[in-house]
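Novice: Predicted model and sequence follow; I will ask about them next.
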Amino acid sequence: MPDSAPAPFGSPSSRGPGIVRQSSAEPESDAAAGVLPAVPRLSVIVPTFNERGNVERMLVGIDGALKGVPYEVIFVDDDSPDGTADTVRQIGERDPRVRCIRRIGRRGLAGACIEGMLAAQAPLVAVIDGDLQHDVNVLRTMLDRSPDADLVVASRYVDGGSAEGLNRRRGAMSRTATGMARRILGIKTSDPMSGCFLIRRALVERLAPSLSPNGFKILLDIMTASKEPMRIVEVPMAFAARDEGDSKLDSRTMLDFLTLLIFKVSGGAISPRFVWFSAVGGAGLVLHLLMLKGGLLVGLGFAVAQSIATIGAMTSNFAMNNVFTYRDRRVSGLAMLPALLKFYLICGAGAVANVGVASWVFEGGWRWWLAGVAGSIIGAVWNFAMTSLFVWGPSK
């Protein structure tokens, strides 16, 4: 007689330690049965976006790697349109070790990891990507080394590790970022860009207020945020090629890393979001000058050409900030029109402040370029602060 197909993850025949099997026709909760699930020793955090096809395989792999270990898995999903959260919840209905945090209006790998780690029940927390490029067996290796460390890093660049799953472009980006982090920030580990690590939850709780929810490199942020020396252990990890879905690593990821680097070098004085906002402003200035020149070339008067260039640059800045600077708070649909109008008003007031401050500094006897820089800084800070508050608002 042929063997039957394997039971779906979370079905009674697939449940591991800490899960109570129900034999009655009507399912009964563990609490009602007088039996509680085992307290997890390890919480595994899996940030996801459009990873529905990998969820079941991910869970089967984790279950095999952590045989005999009470654990929980927390998927933190950035409202994936492919139904990743629904798939996780369906499994969670059968297996209470599996939970889902669905984030609405918030995006970003770092923020997802932070939310997941703060929701963990276990004293130890591991982060692993949901795309199956990280070998899930490294979870057991990191857990075995956890008594010796505050932080265990799964490294692609120690003996026994491999980065074969990175293509040439991604490999170059990873090596460049790693080299910069080690040289500029003094990081000693071989792979501060790794997305797979294990950390004590108490340490996360202590560091959380100083971590940035923006960007992708949460491990680097953790290592540089700690004021106290951490015991860090590295274990080898093979980084495989992706089977399903699309890679989230692109040029914007590298730019996110650079903004985080500036944030760390400045001692937290310059936020990554302000760096993005300023870069967009610089691009807007270039566009403004090009539009102004074009208007003059076609015979428009200066005032008319300047007005068209100003509106065009402001509109472009709004669009780019919406996509890049505030992508975790992005406005869309009908909400874009009132947001754009508020952006116009705030930036108009910023221009007035710019001119006023620059004139005051210049009349005080300072050089013209110092006056111009002072006005520009005041205008930029005003625009950033006010648009953060009134156009995109705080993350919900």
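Specialist: Happy to help now that I have it.

Novice: Name the nearest residue to residue 272, sequence neighbours excluded.
Specialist: Ranked by CB to CB, 6 or more residues apart in numbering and with sequence neighbours excluded, the top spatial neighbour of residue 272 is residue 259, at 3.7 Å. (C-beta placed from N, C-alpha, C; glycine too.)

Novice: again with residue 148
Specialist: residue 233 (5.7 Å).

Novice: Would you agree that neighbour is in contact with residue 145?
Specialist: Yes - in this structure, residue 233 is within contact of residue 145 by CB atoms under 8 Å, at 5.0 Å.

Novice: which of the two has more neighbours?
Specialist: Between residue 233 and residue 145, counted using other CB atoms under 10 Å, the more crowded position is residue 233 (17 against 14).

Novice: The more buried one belongs to a strand, doesn't it?
Specialist: Yes - if the criterion is DSSP: H, G, I helix; E, B strand; the rest coil, then residue 233 is within a strand.

Novice: from now on call the first residue 436
Specialist: Sounds good: first residue 436 from here, last item residue 668.

Novice: so what's it up against?
Specialist: Contact analysis of residue 668 by CB atoms under 8 Å, 6 or more residues apart in numbering lists 580, 583-584, 586-588.

Novice: Give me the neighbour count for residue 761.
Specialist: 22.

Novice: can you pull out the helices in the stretch 586-735 of the chain?
Specialist: 603-619, 636-642, 653-660, 686-700, 707-732 (DSSP state H, counting those that start in this stretch).

Novice: what's next to the first one, contact-wise?
Specialist: Looking back up the chat, that one is helix 603-619. 591-592, 598, 601, 622-623, 625-628, 652, 655, 682, 684, 688-689, 692, 696, 700.

Novice: Taking helix 653-660 as reference, get the angle to that helix.
Specialist: 0 degrees (axes from the mean of the first three to the mean of the last three CA atoms, to 10 degrees).

Novice: Okay, buried residues for helix 603-619 please.
Specialist: 605, 608-609, 612-613, 615-616 (16 or more other CB atoms under 10 Å).

Novice: tell me which helix or strand of the protein sits lowest on mean pLDDT?
Specialist: For the chain, using mean pLDDT, DSSP states H and E, the weakest element among its helices and strands is helix 686-700, scoring a mean of 77.

Novice: For it, which residues meet the burial criterion?
Specialist: 688-692, 694-696, 698-699.
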